[in-house]
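Enquirer: Got a predicted model here, sequence first, then my questions.
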Amino acid sequence: MTDHLIKGAAVLGGEPSDVLIRDGRIAELGAVGSIEASDAEVYDATGLVLLPGLVDLHTHLREPGREDAETVASGSRAAALGGYTAVCAMANTDPVADTAGVVEQVWSLGRDAGLVEVQPIGAVTVGLAGERLAELGAMATSAAKVRIFSDDGHCVSDPRLMRRALEYVKAFDGVIAQHAEEPMLTVGAQMHEGAMSAKLGLAGWPAVAEEAIIARDVLLAGHVGSRLHVCHVSTAGSVEILRWAKSKGWRVTAEVCPHHLLLTDELAESYDPVYKVNPPLRTEEDVLALQQGLAEGVIDVVATDHAPHTVEDKECEWAQARPGMLGLQTALSIVIKTMVEPGLLDWAGVAERCSITPATIAGLTGQGQLPHVGAPANLTLVDPNETWTVNGSELAGPSRNTPYDGMTFPGVVRATFFGGRPTVLDGKLVKESI
Ligand SMILES: NC(=O)N[C@@H](CC(=O)O)C(=O)O
Ligand SMILES: [Zn+2]
Ligand SMILES: [Zn+2]
């Protein structure tokens, strides 16, 4: 394996340093010019910020079943380009990832693609039907070593089943990641319930549908003493409930998606289904509360909820369109725009929220480590002073459902190193790694 010498990168935005990568790990780290490595490939990282490789807790890769929207390989390309070195693949595939066989299939497809660590998430219930627990133990002991279980796309709405799932995974320190949506309160829902849904005449998805489930689940997690992770938190009220649950010392973590940190329900006025997502885009007040919650750590991590859909599933009437939007290639830029530029997070905070804590939650021990000698070389180099304009047709993968087409953002991912190998250099996929 070739050695790589990264020169002049600001580690977590600090002093420029040189970093030598050898045999998949950081072999040396020191002041600029202090490392001698004549046979290493040199990457000039002057002006770039070095972060631990980003880790996404919530990615839809669509394989098996909807390879026309995304595959493990195409999603891995999007992830590497977005600065990620690990993604957790959601279980709502077809067939559902509710058996050891399916999670092992996804895991080995990820290993074959070789661009990021693909950690499968297992379904909580058989077929995501919310009726019977899936074979959680068999998935945990499979080659995929599943630690996160989620029926994402659906809520585990039966409280007795949710309690049993929390109890079951406690034995191996697993975590239940809940898509918090009380289904009886979102029948027919198309967007956030509020002034805009009233104006547009679309059925609403009220904030309380999310908050009621989060309140119930933090109580259950506290009662059982087990780990709960709340997916895509989208309301100000949810942040308050999480703050309270954390004050109790319960083992509760939560994520927010980039789109909920930036976009609001006003966009639905266009009737463009690219803005249709679950949970829906909320109000400005919610956006500000989510940013604040993330800054304080009440919300632990940023997760993309990267949800590719084909043109047929997305470019149709709003009511028929599938919910979800692409996220992997734009996430870091949106975090910079909404959190770093306003001074809500510094680079160490970005590393914490986008890499270190997600890796801890997912139990990915080779990921999310602050750059130090001996650490696995999973690294991202970003140019904070450069901007780029999103062009939907140039994104990796077959899907085009980005709400950011034509928008200009700060923060360009220049290079990504996965296991000591560059997957992205100068903002482009490295050919040998494709
Ligand atoms: N977020 C979405 O709107 N859609 C997700 C499912 C989900 O995350 O709930 C999908 O799988 O497309
Ligand atoms: Zn969901
Ligand atoms: Zn999702």
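Expert: Good, I have the coordinates. Ligands and ions are numbered 1, 2, ... in the order given.
Enquirer: For the helix or strand harbouring residue 80, name the packing helices and strands.
Expert: Assessed by DSSP states H and E, residue 80 sits inside helix 72-81. On a contact count with 3 or more C-beta pairs under 8 Å, 6 or more residues apart in numbering; DSSP states H and E, helix 72-81 meets strand 54-59, strand 84-89, helix 100-113, strand 408-418, strand 421-425, strand 428-429. Bear in mind the C-beta positions are built from the backbone N, C-alpha and C, glycine included.
Enquirer: Now these in a markdown table, please, with extra columns for mean neighbour count, mean pLDDT and distance to residue 282.
Expert: Output for these, formatted as a markdown table (neighbours: other C-beta atoms under 10 Å; pLDDT from 0 to 100; distance: least, C-beta to C-beta, whole Å):
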| stretch | mean neighbour count | mean pLDDT | distance to residue 282 |
| --- | --- | --- | --- |
| strand 54-59 | 30 | 99 | 18 |
| strand 84-89 | 30 | 99 | 24 |
| helix 100-113 | 19 | 98 | 31 |
| strand 408-418 | 23 | 98 | 21 |
| strand 421-425 | 22 | 98 | 33 |
| strand 428-429 | 14 | 98 | 35 |
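Enquirer: How about the contacts made by residue 43?
Expert: Contact analysis of residue 43 by C-beta atoms under 8 Å, 6 or more residues apart in numbering lists 4-7, 381, 415, 422, 425.
Enquirer: For it, which three-state class applies?
Expert: Under DSSP: H, G, I helix; E, B strand; the rest coil, residue 43 falls in the strand class.
Enquirer: ok, the residue nearest the centre of the chain to ligand 1 distance?
Expert: By C-alpha atoms, centre = their mean, the chain has its centre lying nearest to residue 303, at 2.7 Å. In this view, residue 303 and ligand 1 are 10 Å apart by C-beta to the nearest ligand atom, to the nearest Å.
Enquirer: Hmm, that residue is touching residue 60, no?
Expert: No - using C-beta atoms under 8 Å as the test, residue 303 is too far from residue 60 to be in contact (11.2 Å).
Enquirer: Can you report how many residues lie near the spatially closest residue to residue 414 that is not a sequence neighbour?
Expert: Excluding the flanking residues, the one nearest residue 414 by C-beta to C-beta, 6 or more residues apart in numbering is residue 381, at 4.8 Å. By other C-beta atoms under 10 Å, 26 other residues sit near residue 381.
Enquirer: do you know how far the closest residue to ligand 2 within the chain is from residue 230?
Expert: When scored by C-beta to the ion, the chain has residue 179 as its residue closest to ligand 2, at 3.6 Å. Separation of residue 179 from residue 230 (C-beta to C-beta, to the nearest Å) stands at 9 Å.
Enquirer: Ok, residue 243 next?
Expert: 12 Å.
Enquirer: got it, and residue 123?
Expert: Separation of residue 123 from residue 230 (C-beta to C-beta): 17 Å.
Enquirer: cool, and residue 29?
Expert: Separation of residue 29 from residue 230 (C-beta to C-beta): 36 Å.
Enquirer: Next: residue 397.
Expert: Using C-beta to C-beta, residue 397 is found at 27 Å from residue 230.
Enquirer: neighbour count winner among these two?
Expert: Shown here are residue 397 and residue 230; by other C-beta under 10 Å, residue 230 has more neighbours (27 against 23).
Enquirer: residues in contact with that one?
Expert: Counting by C-beta under 8 Å, 6+ apart, residue 230 makes contact with 177-178, 180, 214, 217, 238, 242, 252-255.
Enquirer: a markdown table for the contacts of residue 43, including distance to residue 70?
Expert: Below are these laid out as a markdown table (distance: C-beta to C-beta, whole Å):
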| residue | distance to residue 70 |
| --- | --- |
| 4 | 29 |
| 5 | 35 |
| 6 | 30 |
| 7 | 35 |
| 381 | 25 |
| 415 | 23 |
| 422 | 23 |
| 425 | 24 |
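Enquirer: quick one: the helices in the stretch 201-350 of the chain?
Expert: All helices of the stretch 201-350 of the chain, identified by DSSP state H, counting those that start in this stretch, fall at 207-224, 236-247, 258-262, 284-296, 311-314, 331-335, 347-351.
Enquirer: Tabulate the ones you listed in JSON lines, adding columns for mean pLDDT, mean neighbour count and distance to ligand 1.
Expert: Listed next are the helices of the stretch 201-350 of the chain as JSON lines, based on pLDDT from 0 to 100; neighbours: other C-beta atoms under 10 Å; distance: least, C-beta to the nearest ligand atom, whole Å:
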{"stretch": "helix 207-224", "mean pLDDT": "98", "mean neighbour count": "21", "distance to ligand 1": "11"}
{"stretch": "helix 236-247", "mean pLDDT": "98", "mean neighbour count": "20", "distance to ligand 1": "15"}
{"stretch": "helix 258-262", "mean pLDDT": "99", "mean neighbour count": "24", "distance to ligand 1": "9"}
{"stretch": "helix 284-296", "mean pLDDT": "99", "mean neighbour count": "18", "distance to ligand 1": "16"}
{"stretch": "helix 311-314", "mean pLDDT": "97", "mean neighbour count": "17", "distance to ligand 1": "9"}
{"stretch": "helix 331-335", "mean pLDDT": "99", "mean neighbour count": "26", "distance to ligand 1": "14"}
{"stretch": "helix 347-351", "mean pLDDT": "98", "mean neighbour count": "21", "distance to ligand 1": "23"}
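Enquirer: In TSV: the ones you listed, plus distance to residue 40.
Expert: Formatted as TSV, those follow (distance: least, C-beta to C-beta, whole Å):
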stretch	distance to residue 40
helix 207-224	47
helix 236-247	44
helix 258-262	35
helix 284-296	37
helix 311-314	44
helix 331-335	26
helix 347-351	24
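Enquirer: who wins for proximity to ligand 3 among those helices?
Expert: helix 258-262 (11.7 Å).
Enquirer: give the contact list for residue 206.
Expert: By C-beta under 8 Å, 6+ apart, the contact list for residue 206 reads 185-186, 192-193.
Enquirer: Ends of stretch 272-291, what's the gap?
Expert: Its start and end residues considered, stretch 272-291 measures 25 Å (C-alpha to C-alpha, to the nearest Å).
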